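> 3D, please:
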Amino acid sequence: MKKIAKAIISMGVVLAFAGCSWQIPQTVSVKTNAEYSFSLGNFTNDLGDSMDTTSMMGDAGEGNANIQTLDYFPGKSNKNVQHYLLEVNVLEKNFTEEGSALATAVSNLAEGASIDLGSALGSTYDHIDEKTIGLNFNPTTLLSEMKKSFGNDLGDKITFHSVPMYLYCEVTEGVTANATLKIFYGSTPENENDSIEKRNVSSWTNFETILNNAPLTNKPKPVYQKEGETIITNLNDYLPCVFEQPKQIEGLLNANDPLILEDDQLCISYAISNIDGTIPKSVAENGITLKLYAVIDLPVEFDVSSTADVKLDVSKMSGDSDSDSSSSSSSSSSSSEDSEFSKYLDAVNSVTVYYIVYQLPIYAERGMSLSVDLMGDGTYESGSEIVFADKNKAVTDADKSHITLHTETITKMKANSNFKPNFAINLKRGSVFSLPREKKIDMNLELGFETDGTIQVK
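Numbers count the residues shown, from 1 in each chain. The predicted structure is shown next:
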């Protein structure tokens with residue numbers, strides 16, 4: 001998760017005018033009562049290596065034997081939202097494993113005969129006692145670590161937008177069974193033989209039962225279509241067993257309860273009952289099996305609280321709010337340079353920062369803007385809402401977002417030519433933002449000036 005912060009820091013460095021010294025180009029001629037602008041250039045930065053699966057998924061990333069985490073691009077339809085699949089093997093039962101009584105019974109059948117599974121298993125397998133599996137993964141840490149990475153006191157201001165879970169079942173043809181399935185938070189035992197202590201989290205208790213003695217049907221997990229290591233199969237095209245629609249479990253990830261400890265884990269408990277069916281010997285000899293998979297689609301997409309805006313301060317993300325690393329001019333500038341720069345500033349009546357955004361490592365369809373604290377004194381000035389431009393089309397004025405600096409800021413600029421700009425990303429209350437699939441900065445910056453005065457140009 002901390003690598004996300006580094007990615008956004010990179011964006012902050014770009015936004016800090018890429019080290020621009022704020023010196024007027026030699027070829028610019030300034031006239032009284034004139035408007036002019038000059039480009040600060042196009043800035044790009046590919047952040048794919050620093051925003052990988054492990055950095056964003058934490059304990060659910062590589063190295064977790066209980067969860068397989070996969071890159072997911074459903075239907076290749078929305079590049080603005082990064083998805084991951086968390087695949088959990090809940091149950092894999094072979095009733096005819098070598099040495100079992102059922103395997104012996106099958107081997108003693110005459111050719112062409114069938115076995116009555118309910119009678120053969122009898123009361124021993126009429127009900128498989130409930131079993132709890134600890135996944136060694138606390139999903140609440142995904143949100144908490146994300147907040148830490150942003151370096152801001154987000155509190156309860158952001159929550160996961162939507163997290164669907166699909167259940168798939170593979171069962172030998174002719175076998176019927178019922179299942180009860182629950183998901184909840186539990187302790188992580190220090191010793192293998194210790195029991196898991198369930199956390200009775202009030203915000204989730206009413207939703208923890210996913211299946212309640214529901215009949216299982218043979219709905220196998222789809223064979224994934226891939227491009228490289230990325231799954232592009234859209235799971236919505238493959239309805240899960242039991243449900244007509246996937247279960248929405250974002251409330252589980254958003255659970256904010258003091259009863260959930262940092263070392264707790266997500267747990268799945270199941271109970272299989274009423275196992276029955278008449279199975280031909282030819283089928284039974286290949287094994288009578290029951291497999292149950294839970295597949296969680298985790299879009300890296302968040303809701304902003306309906307009661308408060310969110311401001312992501314770039315300097316706080318970097319942890320260097322007291323450093324001079326973001327200064328766009330150096331204190332070592334000579335007095336002659338300062339005098340030359342001040343000469344131009346004296347004639348400036350207004351300053352506007354224009355930015356054309358093609359791509360950022362944060363995306364919002366609406367409600368997202370930038371603000372700047374040009375002098376580094378905590379006074380932020382907000383810009384217009386960001387409009388993402390299409391790089392394959394000609395840029396129009398509608399593609400340009402802007403920040404017009406206040407008169408007070410221009411006065412400070414004239415009094416002090418050493419600037420220390422800080423930038424913030426603003427997200428309006430009630431908006432939705434995401435991390436896109438391609439983690440990249442691609443934007444163009446330019447400055448616009450209006451002058452009202454006479455300048456002596458060399």
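> report how many residues lie close to Y224.
The burial count assigned to Y224 is 14, neighbours taken as other C-beta atoms under 10 Å. (Glycine included, C-beta is placed from N, CA and C.)
> equivalent analysis for the one 4 residues further on, please.
With neighbours defined by other C-beta under 10 Å, the count for G228 comes to 7.
> and what of the one 5 residues further on?
Here the count is done by other C-beta under 10 Å, and T233 has 17 residues near it.
> quick check, L142 in a helix?
Yes. Per DSSP: H, G, I helix; E, B strand; the rest coil, L142 lies within a helix segment.
> and it, how far from R199?
From L142 across to R199, the span is 17 Å (C-beta to C-beta, to the nearest Å).
> of all residues in the protein, which one is nearest the centre?
The centroid of the chain falls nearest to V300 when counting by C-alpha atoms, centre = their mean (2.2 Å).
> what sits against that one?
M56, V81, Q82, H83, Y84, S434, L435 (C-beta atoms under 8 Å, 6 or more residues apart in numbering).
> so among those residues, where is pLDDT lowest?
Minimum pLDDT across these is recorded for M56, with 60.
> assign M413 to helix, strand or coil.
What three-state DSSP gives for M413 is helix.
> quick one: it and P421, what's the gap?
When C-beta to C-beta is the yardstick, M413 and P421 sit 11 Å from each other.
> shared neighbours, those two?
Common contact partners of M413 and P421 (C-beta under 8 Å, 6+ apart): L374, M375.
> show the end-to-end separation of stretch 210-229, please.
End-to-end distance of stretch 210-229 (C-alpha to C-alpha, to the nearest Å): 30 Å.
> repeat for stretch 86-101
End residues of stretch 86-101 are separated by 36 Å (C-alpha to C-alpha).
> give the buried residues for it.
Residues of stretch 86-101 classed as buried by neighbour count (16 or more other C-beta atoms under 10 Å): L86, E87, V88, V90, L91, K93, F95, T96.
> now the residues you listed as JSON lines including distance to G75 and pLDDT?
JSON lines is the format used below for the buried residues of stretch 86-101 (distance: C-beta to C-beta, whole Å; pLDDT from 0 to 100):
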{"residue": "L86", "distance to G75": "19", "pLDDT": "89"}
{"residue": "E87", "distance to G75": "18", "pLDDT": "90"}
{"residue": "V88", "distance to G75": "23", "pLDDT": "88"}
{"residue": "V90", "distance to G75": "26", "pLDDT": "87"}
{"residue": "L91", "distance to G75": "29", "pLDDT": "87"}
{"residue": "K93", "distance to G75": "33", "pLDDT": "87"}
{"residue": "F95", "distance to G75": "37", "pLDDT": "86"}
{"residue": "T96", "distance to G75": "39", "pLDDT": "89"}
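> now, the residues you listed that are in strands?
For these, the ones inside strands are L86, E87, V88, V90, L91, K93, with DSSP state E as the criterion.
> the second one: what's it in contact with?
Taking C-beta under 8 Å, 6+ apart as the contact definition, E87 lies against I67, Q68, T69, L70, Y293, A294, V295, I296.
> between these, which sits nearest T209?
Checking the contacts of E87 against T209 by C-beta to C-beta gives A294 as the nearest, at 13.8 Å.
> excluding its backbone neighbours, what's nearest the closest one?
V88 (4.4 Å; C-beta to C-beta, 6 or more residues apart in numbering).
> out of the contacts of V300, which are inside strands?
Going by DSSP E, the strands hold H83, Y84, S434 from the contacts of V300.
> which stretches of this structure form helices?
Per DSSP state H, the chain carries helices over the ranges 2-15, 53-57, 101-107, 117-121, 140-150, 250-254, 281-284, 314-318, 335-345, 407-415.
> where among those helices is average confidence lowest?
Looking at these, the lowest mean pLDDT belongs to helix 2-15 (a mean of 42).
> tell me the one of the ones in strands among the buried residues of stretch 86-101 nearest K157?
In terms of C-beta to C-beta, no member of these lies closer to K157 than L86, at 24.7 Å.
> if we ignore the residues flanking it in sequence, what's nearest that closest one?
Of all residues not flanking L86 in the chain, I296 sits nearest, at 4.2 Å (C-beta to C-beta, 6+ apart).
> ok, the one you found - how many residues close by?
There are 24 residues near I296, going by other C-beta under 10 Å.
> that one contacts H83, correct?
No. Using C-beta atoms under 8 Å, I296 is not in contact with H83; the gap is 10.4 Å.
> one step back: would you list the ones in strands among the buried residues of stretch 86-101 in a markdown table and tack on distance to E244?
A markdown table is the format used below for those (distance: C-beta to C-beta, whole Å):
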| residue | distance to E244 |
| --- | --- |
| L86 | 22 |
| E87 | 21 |
| V88 | 21 |
| V90 | 20 |
| L91 | 22 |
| K93 | 26 |
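> and of those residues, the nearest to G383?
L86 (37.3 Å).
> which residues touch the closest one?
Applying C-beta under 8 Å, 6+ apart, we find L86 in contact with A60, I67, Q68, T69, V295, I296, L298.
> so the last one bridges to which residues?
So that's L298. Judged by DSSP bridges, the bridge partners of L298 are Y84.
> who touches the spatially closest residue to S202 that is not a sequence neighbour in this structure?
Leaving aside its sequence neighbours, S202 sits nearest to D257 (C-beta to C-beta, 6+ apart; 6.8 Å). By C-beta under 8 Å, 6+ apart, the contact list for D257 reads R199, V201, S202, S203, W204.
> so D257 versus G251, what's the distance?
D257 sits 11 Å away from G251 when distances are taken as C-beta to C-beta.
> anything in contact with each of these two?
With C-beta under 8 Å, 6+ apart as the test, D257 and G251 both reach S203, W204.
> can you check the pLDDT for H161?
pLDDT recorded at H161 is 93.
> next, count neighbours for it.
Neighbours of H161 (other C-beta under 10 Å): 17.
> residues contacting the closest residue to V163 other than its chain neighbours?
In space, and not counting its chain neighbours, V163 is closest to E250: 4.1 Å by C-beta to C-beta, 6+ apart. Residues in contact with E250 (C-beta under 8 Å, 6+ apart) are T159, F160, H161, S162, V163.
> can you tell me which of those are in strands?
T159, F160.
> any chance of the contacts of E250 in a markdown table, with distance to T209 too?
Putting the contacts of E250 into a markdown table (distance: C-beta to C-beta, whole Å) gives the following:
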| residue | distance to T209 |
| --- | --- |
| T159 | 22 |
| F160 | 21 |
| H161 | 23 |
| S162 | 20 |
| V163 | 17 |
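> which among the contacts of E250 count as buried?
Applying 16+ other C-beta under 10 Å to the contacts of E250, the neighbour count classes T159, F160, H161, V163 as buried.
> pretty sure the first one sits against L252.
Right, T159. No. The pair T159 / L252 is not scored as a contact, 11.4 Å apart, by C-beta under 8 Å.
> overlap of the contact sets of those two?
Overlap of the contact sets of T159 and L252 (by C-beta under 8 Å, 6+ apart) is empty.
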